[in-house]
Structures are given as C-alpha cells and as structure tokens.
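Student: Quick one: sequence and predicted model below, then my questions.
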There are 2 protein chains.
Amino acid sequence: MRTLHNIDLKNNENGFTLSWENRLILSHSVDAPCLWAGAGDADIEMFRGNFSIKDRLNEKIALTQATVSERPSGWVIRFTRGDAVGATLEVSTDDHQRLVLKLNNDAVAHNRLWLRLAAQPEDHIYGCGEQFSYFDLRGKPFPLWTSEQGVGRNKQSHVTWLADCKENAGGDYYWTFFPQPTFVSTQKYYCHVDNSGYMNFDFSAPHYHELAFWENHATLRFECAPTYIELLEKLTGLLGRQPELPDWIYDGVTLGIQGGTEVCQQKLDVMRRGGVKVNGIWAQDWSGIRMTSFGKRVMWNWKWNRDLYPQLDTRIAQWKREGVQFLAYINPYVASDRDLCEEAAARGYLTKDAAGKEYHVEFGEFYAGVVDLTNPEAYAWYKEVIKKQLIELGCGGWMADFGEYLPTDTHLHNGVSAEIMHNAWPALWAKCNYEALEETGKLGEVLFFMRAGYTGSQKYSTMMWAGDQNVDWSLDDGLASVIPAALSLAMSGHGLHHSDIGGYTTLFEMKRSKELLLRWCDFSAFTPMMRTHEGNRPGDNWQFDGDAETIAHFARMTTIFTTLKPYIKQAVAQNARTGLPVMRPLFLHYEDQPRAYTLKYQYLFGRDLLVAPVYEEGRQDWTLWLPDDRWVNVWTGETHGGGDITVDAPLGKPPVFYREGSEWQSLFATLRHL
Amino acid sequence: MRTLHNIDLKNNENGFTLSWENRLILSHSVDAPCLWAGAGDADIEMFRGNFSIKDRLNEKIALTQATVSERPSGWVIRFTRGDAVGATLEVSTDDHQRLVLKLNNDAVAHNRLWLRLAAQPEDHIYGCGEQFSYFDLRGKPFPLWTSEQGVGRNKQSHVTWLADCKENAGGDYYWTFFPQPTFVSTQKYYCHVDNSGYMNFDFSAPHYHELAFWENHATLRFECAPTYIELLEKLTGLLGRQPELPDWIYDGVTLGIQGGTEVCQQKLDVMRRGGVKVNGIWAQDWSGIRMTSFGKRVMWNWKWNRDLYPQLDTRIAQWKREGVQFLAYINPYVASDRDLCEEAAARGYLTKDAAGKEYHVEFGEFYAGVVDLTNPEAYAWYKEVIKKQLIELGCGGWMADFGEYLPTDTHLHNGVSAEIMHNAWPALWAKCNYEALEETGKLGEVLFFMRAGYTGSQKYSTMMWAGDQNVDWSLDDGLASVIPAALSLAMSGHGLHHSDIGGYTTLFEMKRSKELLLRWCDFSAFTPMMRTHEGNRPGDNWQFDGDAETIAHFARMTTIFTTLKPYIKQAVAQNARTGLPVMRPLFLHYEDQPRAYTLKYQYLFGRDLLVAPVYEEGRQDWTLWLPDDRWVNVWTGETHGGGDITVDAPLGKPPVFYREGSEWQSLFATLRHL
C-alpha cells in the first residue's frame, strides 16, 4: 500500500498495521483486533461534585474483520464482525498535517467504542489533564471526567475512608477537576481526542493503550516532533496558549482573606509592616456569606455585599494605588434564594430538569441554579454580570470557581446531552470569563484563576490553581500532589499553575500546622503565583499571620519571589509564545537521561532553576536527583554535577539549584544573600 | 408451538417466550434479548483467602436472533448475532420432570455467558448459599465465589477499612464461605445451576435476573411446587440432605477449649460444677500449636500432639463415659514444615504449580501444601488420615475447617482448571470427611462441622457453622449476621446451622464483651448446636468461665437447650427426611403474610417456636413481628396475636414464642420455670 503524509498503511494476512512517522500506531488482526463497538447505559450519580460512575454494559464486540480502501485524502477502513456489526475508521491528515483518525459506529444504538493504540512496554505516558497522584500514567487506567478531586484520594487513607462514608467524597487516584483526553508518549507524539463524553484511557497493558469512548464516534489527532519542547509547541498550537500574566502577579503574595473591608485592611497592614510583599487581597466573601456545617460559605449572588464590605469601591482604588489588587470570587451557579437567580430564572437562562423547570443543584445546605452557558443569551448575560459586578468594581482578578458539577440529568439549551457537555463545561465557563476580559480590554491586567478545566482551557483559562488540597502531608492530596498536577497539566498544554498556600480542605482530624504552611510557602515562591487560602475551617488552620516567625517567613519568601520577577516573567512570556510551560518536567530539557522521566516531585522552574520541594513533615534535609549538568545550590553556592544528592533543607531554604552559566546567574546568586 | 411437560414455548414476531408451569422463564426479542456470549480473562488474586476478582472483558455480544426448532425431547434454540457469533440453548426435562436449560457457546474461546431470566418487580429471591448481609437478594448482584467471609464486610465499617488496608481482608456484603448457584423465587420455583466456575447472579433489575457464567456452557435446572416446603423437599431431592445429628449434640454445650489435656479437664470441671450441661470439648489445638502475630495457630499436621495433650486417648474414653465428647480439628492442608506434608509430597498427593512442583499456600506466617482431592489416591490417603488420626483416637467429632482457599493457579490431578474447581472444592472436602464416617459406620455418632460449602455440601457436610463472625454487634459480621446466614442456607437446601458462641474474629479495636457472649449464648440455645469459641485472641475476649454470672448463664441456657431436646431432635429428623430446615424463614409456614418475606433477623426454630434474637448492645426490650397466629411468650406465658410487639428482653430470656396448641406445648411451658 502507499504512503501518504508519512502514513504507512500495510495490509497483511490477518489485518493491517498503520505506522506514521515511523511510529506504529495501530496493529490489527483477527486474533488481536484494535477496535470494539458496543453499547452501555451510563449510570452516573452525583452528590456535591462527587460522582459514582458505572457502565451497565449491554455489549462489547470485537470487530475482527478489517477492509482497507484508499481515498484521495487517505484511507477508509471498514471494521466488521460478521454481517451484523460494523464501524468505520477514516485515516487522513488535517490542514496542519496532523494524523487524524475518525471513528464512527454503524449503529446509533452502539454508543461505546474501544480503540487500542499500539504501544511498547518501555513507553512512558504523560498528560490526561491535571493528574495529582501519577505523573507517568503507564500501568493504570485513567477515567476522564471532571469532578471534585476527592478528599485524600487514596483508599488506604483514613481521611478518604471518612469522606467516603460521609458522602462518597474520598475520591481516588484519577479524580480531578481537569481531565483531558490528551497524552504525550515517549515515542514523541501526542494524541488528542476531540470528544467530550466520558472516556477511559487505560495505559496498563504492555503492548497497547486502550481508549474507551462513551460515544458512537470519536476523532483522534496526532502530531510528533523531534523534541518534547517542539511537541508541546505543536500541542499548544492545536489547543491554544495562555496569555501573559499581569505584571503585578510577580510583585508579591496574594493574601486570601475573608471577613470584610476592615479585616482585609488590618491583615494587609500587619503583613506589610512585617516586610511581606503583598500584591493582592483575595476576598472570596466579597458577595457576602452563608453559614453551613462545612464552615462559612460564600453567598452565591455575585454582587458586592456592602454590609460585609463597606467602602470597598474606594478602598479598591486606594489599594490599587498602593500596588495591591483586590481579587474577588465567582462561579457559574447562582444561589436559588437570591436575586441573580431570580433574574436568570425569569429570563429562562437556567438549565432545566426533565419537566422543563429550573434545575437546582444541592451544594451543601443550599441550592443553586446552573447558568446555561450553551444559551447564547444566558452566556452574554453572565458575561455582563462579570463585567459589571467584578470588572467595573475595579477587581484585579477573581477565582472563577467550579465548573465540574454539571449534573448529567439537566437539560441544556443547545440540545446536547449534559452527559456529553459535562466535561466541556469548565472550558465554556473559562471562555465566558476570558471574553469578559477581552471585550473590556483587561486581558493581561486582570487575572482569573480556575481549578476546573478541559480541552479549551489552554486558551481560555488565564491561570490554573490546583484545587482543594488537604491541609496535610499526604502524597495523594497534600503539598506533594501539587507537583505532578502542575507537570501533567504542563504536558497537556497548560503551562500556568499554582496552588493554595497551606492547602484548603480542613475536615475530620485535619488541621493545618505551621510547618506545613511554611513549607508550602517555600514551594510557592517557585511557582508563577503566590496565593494563600484560609481553608474551609480557618480556625483549625495555622494562618499567614499566625505569629511573627510566620510573617517573617512570608517576608523572606515573597522577597525571593519578587527578586525572581524578571526570570519568571520571561518564562511566562515564553509559555505564551510557544507553550513551553513555566513548571517543567526534567525530561523537557534532559531528554537523554532516563531518570528524568520517572520523577514526579521535582521540576524545572523555567529553564534554569531546579526545584525539589520538601513535602514531608519534620525534615531537616532532602534527597533529590540532579540531571547531568552543573548545578549551583541557591542557598549555599555549592556546585554539583548530576546524580543523587542530599542537601540541608531548613524552612525557608527549599532545595533549589540554578544552572551554572545561566544568563540569570547573577540574579540567582543574589538569593543567597536574602 | 406445542406444550411439553408444561413447558410452553411461543414464537412471536421478534423472538419467543418460554413459560413453564405458568411461570414466564425466558422472554427474548431483538431489542430485549435474553442471551449474551463473550470472552474475558479472569484476573483473580488471592491473599490468605481474600480474593480480588476482575474480569478483563474482551467481549460481550447480545445474541439477538433466535431460531426455535422442535426435538422429541424438547426444543433447540439457536441464538446468533449475524453470521459470526452463536450459541445454543437446549430446552428439555430431566428424569424428575425438572425443566433443564443447557447453554453452549459455539466458540471455545467464548468463555462467558449471560442469561436473563424473566422476573417480576415484586418477586423476592432467597438462597445463593450462605448470605450474611441480605436474606432477600432482590436489588443486588451476588458474585458466587467461595472465600473468606471478610472482616466487617461493610465498607462503612472502620474495622473493614482497617482489614482492607492490611490485606484486602475487609470483604463485602456478598463474601461468603458457602456460595451456591441456587435460588428460590417467590414465583415458587427454584433455579439451580450445575456449574462450578465463577458466577454472578444479579437480581437488581425489575424485569429480569441476569446470570453471568465464566464458562462456555451452563446447565440450569428448575422445579416448582405449590408451597415452599414442597419446593425445598424437591430442591433437597436434587441436592441431597443431611443425616440426623448424633444424639449427644442435644445434651449440652460443646466447649471450645485450647491449651492441653489438663486445661480441658479443669474448664470442664468448673463448668460442670457450675451446673452447665456440657456435651463436648472441642480442642482445635489437639495437634499442637504455632505462634503467629495473628495469635496462636493450630499446627497443621493432623496427629495427636502428645506433648500438649498427654493421655488424651484415655481421657477421651473417660469423658465419653461421662457423656462428654472430644472434638478435634482438621483442614485440607498440611503444613509444609511437618511430616504429613512430607509424606503427601513424596507420594505426589499435593497440588502442583505451573512447573510441576508442590504448590505451597501462604497462610499467615507459614505455608501449607494442598492435598489434591481430585487425585483418587490422595483422596483415599487423606480419608485414611481422618479415620486413623481422628476416628480411631475416639473423637466425637471435629471442625473440618477451610476449603475456600484453593488457589486458581494451582494444577490439579484431574486436569480441570483450578478456577473451575475452586468453588467445588469445599464439597469435595466435605465428601472426604463424610465417607470417612460412612465407611467406619460412624455417621450419626460422630459429627464434623464446616464453614465452607458449595453444591454437594447438602449431602456431605453433616453440619455447617457460620464461620468467623466478628466479636461485635455489627449487622454485617456480628451476631445478627448469623441469622440471614442460616436462613439463606436453609433456602439453598442445607438445614443444619450453628455459630461460634461469642464470635471469633478479634482484631484491631475489637474485644468480646460479656454482654455479647451472653446474648450469643441466648441465641444459640435456639439453634441445633451450642458451641463456644475462644476467638483468635482469647485474652482479649470475655470467655464462658469469665465469672460466676457467666457460668450460671451457660447453666441456664444449656438447661433450656437440653430441655428442648425431643423437639429439636424431631425437627432435625424432619430435615433429614424432607429437607425442611431446622431454622426456618417465617414465610415457610406463613406464605400468605407479606411481612414474613421481609424479615431477616427472626426465624422459626422448628414449626412451633418463633425466635427473635437480641442483636443490639444494651437493650432491655425488643421489638419483633409475629405472624397471624396465637403465640405464647415462653418466659411470661403471655399470649399474642399477630403483629408488631415489644417485649422485655433481659439477658437469658431472648424473645421466643411458642405456637398455642402445639403438640409440644407442655414441654415449652416448662421453660418458664427454669
């Protein structure tokens, strides 16, 4: 058979092989087929963003026979099982010479597809959105469904067990706010799937990756490149890139404060007096509060609450003059008992239930309507809410929370099943925020940050944060988990990531210790944004103003962060330009070093800083691996070659190394004297 | 189409229906087929009897087309999906006019079958062997695989979580030592499957029961009857019935004692002096002990240990003269480091690994070989071990433990896959014990009791016990769980059941309280056998000789039990004759009363006693339901009609009622004065 655009399709006795750019992509025979068709009834239950998902599988049929036909644009492969069942695979390339595989089941009732991509046992796999427990995804299945990330995320964790017992909230290793059907193979290709239905990418077999689609069609796109850096440039060429961050981001820490104008002012003053560089106040309760048993909750009615925040408008202007932004909060829901919801309902802008009435989601002792972002009028209306309530007020940014809760049984204006729209929702929510900035000319000046994401968030979500870590040291849901989250997202095309300093989830026996807050602060100084969170039960957590030592610690680490401003800014600019992420897996720059592919708790911050955060309690030193290069310890000036080393790691001096000969060497050298 | 033996097979436009004795059994159409064929690779991992079982499903194909052909013996139905996949269903009757459905996949590689039997939403389902968590099985799937029963058996239980973290030992609602592919529907039929591979009977759909078979063929048998009592007679006609119990069983409690001859003697003396009726000493450590972190374990080398049990032979004779039997212990494994194992290995009597060497199973800090009961010589040899070591010694009985651990990767003499033999193993082990009794003329004089079982255990296991309950009050694994266990086993054809008084499993935070021991003793006086167990950590548990009050309690309850001897004996005789179980669900005698079908913690003990054990801590009274009849409170003489009542329920007076007008009325009336 012929070769087209480097696609090599060979028939053989029992089937065919499809290679592309010398990579075996599909291998099919009667005994080892590559495609299955089938049908199932999804059984999806949600309780407060925690999903129980089962497939009542009606059938799964191996399509053992394959007949290849040539077309001008490529090939069409007819897959059948006898005369009763079939599917079609179209092989072609798109305008950018990407390999495109389009699958279609013959029968509409066949709403399941399983495709096996050829793999080699030694391949590593990265991506699938934001993965907190694994960076190399080989060896496990990864169901792709946006949801709460889970509490503890490990069935061996006591906290997970408690959360599971309470409301099925414990989660598991694959639970994430930001899944994405995109992965990078160490065969130096990416594979991205256009769909948004439930998928399960199973990387556990040695010779294939099995991709399951809960739809009757799927479109896969592939590109390859000689280096991972070029591959990410291609991937972000497909998915989009984040704009640069506002300049003020690099000027200090954004303090998460609640409680009203005066509390903000007092805490700001205390911190500034203590020498802390503060670039913003993030007050999620700007719209008021509601008390629940989970803790104090924000009033989901997106208007400045003048009772709790008197004179906020003038104070915002004053703070801004002092270099301090005011950041607020919004999400895509409107509290059922308040006026925005009433307005939305009256205009028909909320999603509906089966009977055509407004659908109300239970959010923990209160209900909210879902603004129907598939309705262009509702979308425009909500964009106006953002412009009027947040931008006009003078906010420097906001948390654009949630996005992962779209119930699968709600009815949408665009007529698409909510089961299919569920994953796409966070990106739609991002787009609404993004356009509000774009249309007001505020992109690059105002920043919103999100936890939920999907394909499209690369272009529309200006900054990600890692969601709701536990205020603990657990690998799967504590400080450590933020690192693979940033790196897997980096490999999925989103290069801007930060986290709540100190974590958020404070339930059961958890309380945030001073040590955890300080270690998290250390780590965050080497991410593109520093921002604190009180946690959901502030009284149980150590806070940034807990004592003089803590304040001094924040003063030190914000000084380090702001000192790095030109370096970080350059890395962010490069991310905007080429999709090279700010926090990078080591193998992006050290492709030839096998260990670089296996590390999930170290990263490069830009090109020239290597960071290995301390994520265990009570440590005085830390062991890490340096790739083959010359590395200078930022705190001691000591120089190292590659290999495993153990270094002192006191609080305030996280293991960080810079590359000898870096153009930023003199800047890095100043850190030692701070 | 014709009717044959009351089978009515009707073709219709899209398929067919099969009715039998006016019950709709199969309903098939293109859109709602009744049969699927497929293939899977079983992924079965075992650790100490705890199984993790997954199916790597390769395919599952709805066989939508059905073509019915008549045969002299019945019908043959060809099921196909197009021209590529097919299976055959033969419909006939056997010599006893049972409806027989024989399924066969066309392709050997198709090792999975799913059959949907027609059901009505209001049907109740009972049986599937010994089920501890549910009695009515409607609404859930029940995987059928003999294994440890689990610790706690409920993912919401802290103990289950701890056991799961430690060694996947927590279990779930369907874990059981004694599964069986047999159920009784309230359409008054039973369905029994001849196979022994892994099955999953799913009763969760309103209009069908889906039976999944991990084999390429299956044979189902059905009988129906006008009453449940007649139905059980028919079921036990198929499966076999237990012989009567030895007469001494009714003469008191069998004391579980360990520690040697003198300890047995001392405890026996203490109890007898306290007025306790003792019919036996059960000393599981008769063959010696081994210390492990789980606690003291029995030495699995089935020979009298003269060091620990000096003069046991003469003492056995003496005790027997005093009306006290000595009961020992054996299981189907031989400890790798002892001589019986050496002998078995030398003779080639152990199961093998893939390389043809002896397979050794890890049992918790020691290993044991598996006697290959499929090898007629090994089977005969082990029967001789029983005869020589246990029967010749003069034992009145023994616990024939285990049977549920056959690893699926061991190789057997008969050439059948261990995956298929796994479930069958407990019944083979029962048969070996049974024949040792039969061939020595000891049936009805000597008693062995088992926890593991399968089809065949009805005939060969002379008595079941409920396995390893937790020493706690939990519904899924404590005292309460014994009741549905006895009742579900009763509906599966085994009518003799008892439990460890006080429970067994003593792990983590569990310790047996005095109250629990006494309540369990109360309950056991209304079962066909009273037997205590120290538990695996005797020092953590309250014991029968814990204080004078406890001894007096056992004196009282054994007096009640022995007073009931003629009544219980008659019920046991009836079970042997007709398969009417000794502990009976209420609906066996009250078919017309809907509530009788829903109760899992009450039972009839024989025809005329209604028992509602107290299974909660700290209770002084108890609420129960009485079917429409005249009932006399055994302790007060008060008379009640049907309905819900609350009665006093102090220790030693469990809620028990007798039927007014019973032929045993004068015997029952004496209990009040004990």
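Tutor: Looks like it arrived, so ask away.

Student: Show the backbone phi and psi for A:F201.
Tutor: According to degrees, to the nearest 10, the main-chain angles of A:F201 amount to phi -100, psi 110.

Student: quick one: it and A:L144 touch, right?
Tutor: Yes. Assessed by C-beta atoms under 8 Å, A:F201 is found in contact with A:L144 at 6.5 Å. Heads up, the C-betas are built off the backbone N, CA and C, glycines and all.

Student: Please enumerate the shared neighbours of those two.
Tutor: Common contacts of A:F201 and A:L144, defined by C-beta atoms under 8 Å, 6 or more residues apart in numbering or on different chains, comprise A:128, A:181.

Student: The stretch 51-200 of chain A: helices as residue ranges?
Tutor: Under the criterion DSSP state H, counting those that start in this stretch, the stretch 51-200 of chain A contains helices at A:158-167.

Student: I meant chain A, not that one.
Tutor: Using DSSP state H, the helices of chain A run over A:158-167, A:228-239, A:261-273, A:312-321, A:339-347, A:376-385, A:418-439, A:457-460, A:482-490, A:514-524, A:548-563, A:565-578, A:665-671.

Student: by contact count, what packs against the first one?
Tutor: To tie it back to what came earlier, the one meant is helix A:158-167. helix B:158-167 (3 or more C-beta pairs under 8 Å, 6 or more residues apart in numbering or on different chains; DSSP states H and E).

Student: average pLDDT for the helix it packs on?
Tutor: When pLDDT is averaged over helix B:158-167, the result is 96.

Student: hey, C-alpha coordinates of it in PDB?
Tutor: Output of helix B:158-167 as PDB, limited to C-alpha atoms (Å, rounded to 0.1, in the frame of the first residue of the first chain):
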ATOM      1  CA  HIS B 158     -13.900   1.100  60.400                       C
ATOM      2  CA  VAL B 159     -12.800  -2.500  61.000                       C
ATOM      3  CA  THR B 160     -13.400  -3.300  57.400                       C
ATOM      4  CA  TRP B 161     -11.300  -0.400  56.300                       C
ATOM      5  CA  LEU B 162      -8.500  -1.400  58.600                       C
ATOM      6  CA  ALA B 163      -8.700  -5.000  57.300                       C
ATOM      7  CA  ASP B 164      -8.800  -3.800  53.700                       C
ATOM      8  CA  CYS B 165      -5.700  -1.700  54.300                       C
ATOM      9  CA  LYS B 166      -3.900  -4.500  55.900                       C
ATOM     10  CA  GLU B 167      -4.500  -7.400  53.500                       C
END
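
Student: what does it contact?
Tutor: The set of residues external to helix B:158-167 that reach it, using C-beta under 8 Å, 6+ apart, is A:155-156, A:158, A:161, B:47-48, B:50, B:150-155, B:169-171, B:470, B:472, B:474, B:477, B:507-510.

Student: ok, now with 6 Å
Tutor: A:156, A:161, B:47, B:151-152, B:154, B:169-170, B:508 (C-beta atoms under 6 Å, 6 or more residues apart in numbering or on different chains).

Student: near chain B, which residues of the stretch 301-450 of chain A?
Tutor: Taking C-beta under 6 Å from any C-beta of the partner chain, no part of the stretch 301-450 of chain A reaches chain B.

Student: Could you count how many residues lie near the residue in the stretch 401-550 of chain A positioned nearest to chain B?
Tutor: Nearest residue of the stretch 401-550 of chain A to chain B: A:F508, at 12.7 Å (C-beta to the nearest C-beta). A:F508 has 16 neighbours, counted by other C-beta atoms under 10 Å in any protein chain shown.
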